[in-house]
Every structure is written in C-alpha cells, then in structure tokens.
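Generate a structure from the sequence data that follows.
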Amino acid sequence: MANSDLSGHLRKKSQSEEFSHIYRTLAWFLGIAAWLFGTIDRSLAAFADGYVSAIDLMQIAIAAFLFVCWLFLKPSWRFANRKSETDVFDGLSVKK
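The predicted structure follows:
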C-alpha cells in the first residue's frame, strides 16, 4: 500500500513540475515578444525624426542588452533526459 502511495505522490510531483516548466516557457516566450516590441519601438522612435542623439543610442543599447540577457534566461527542462521516478514503480507489483 505504501508503495502505491509513493508512486501516486511522485506522479503528482512530476505533473506539477511539467506544468511549472510549461508556465515558465510560456512566460519566457511572451517576454521575447515584449522585448522585441520594445527594442523595435525604441529604434523606430530614434530614427523617426531624422537624427539620432546619444540618449536614443543609449536607450536602444540598453534595450538590446536586456533582450540578450532575457534570451540567456531560457528555462531548462531538468527532467527531460532523466528517467522518471514514477517509471521505477510502474514495474513493481504490490504484494498483499
């Protein structure tokens, strides 16, 4: 009985980790869209009046730098290559 309880707990943990990964990946992709929009908006605003000031260049550089930093924050899937802990208990039979 205890073996099946542990197996069920590990399955729930695995499902919550999978949901967490999906949520983090979705937030990361939305962040990419937001940073692209912000960088392109700053660039268009800087070049719209015909000349570029030092402040405009700094704003574009900072936005581009933060966008590149955001790309390096991509969430990793720690459990993708590892055998699931629930697989260990799938082959076991509970003796009564």
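
Next up, phi/psi of Ser53, please.
phi -90, psi 170 (degrees, to the nearest 10).

what about the spatially closest residue to it that is not a sequence neighbour, is that helix, strand or coil?
In this structure, Ser53 finds its nearest non-sequential neighbour in Ala46, 7.8 Å apart by CB to CB, 6 or more residues apart in numbering. Where C-beta positions appear, they are placed from N, C-alpha and C, glycine not excepted. Here Ala46 is helix, with the state taken from DSSP: H, G, I helix; E, B strand; the rest coil.

can you count the residues close to Ala46?
Ala46 has 16 neighbouring residues, counting by other CB atoms under 10 Å.

what does the one 3 residues further on give?
Asp49 has 9 neighbouring residues, counting by other CB under 10 Å.

The one 10 residues further on now?
A count of neighbours around Gln59, defined by other CB under 10 Å, yields 17.

Over to Phe47?
Residues near Phe47, counting by other CB under 10 Å: 12.

again with Thr39
That count, for Thr39 with other CB under 10 Å as the rule, works out to 19.

Having no further points to raise, I will conclude here.
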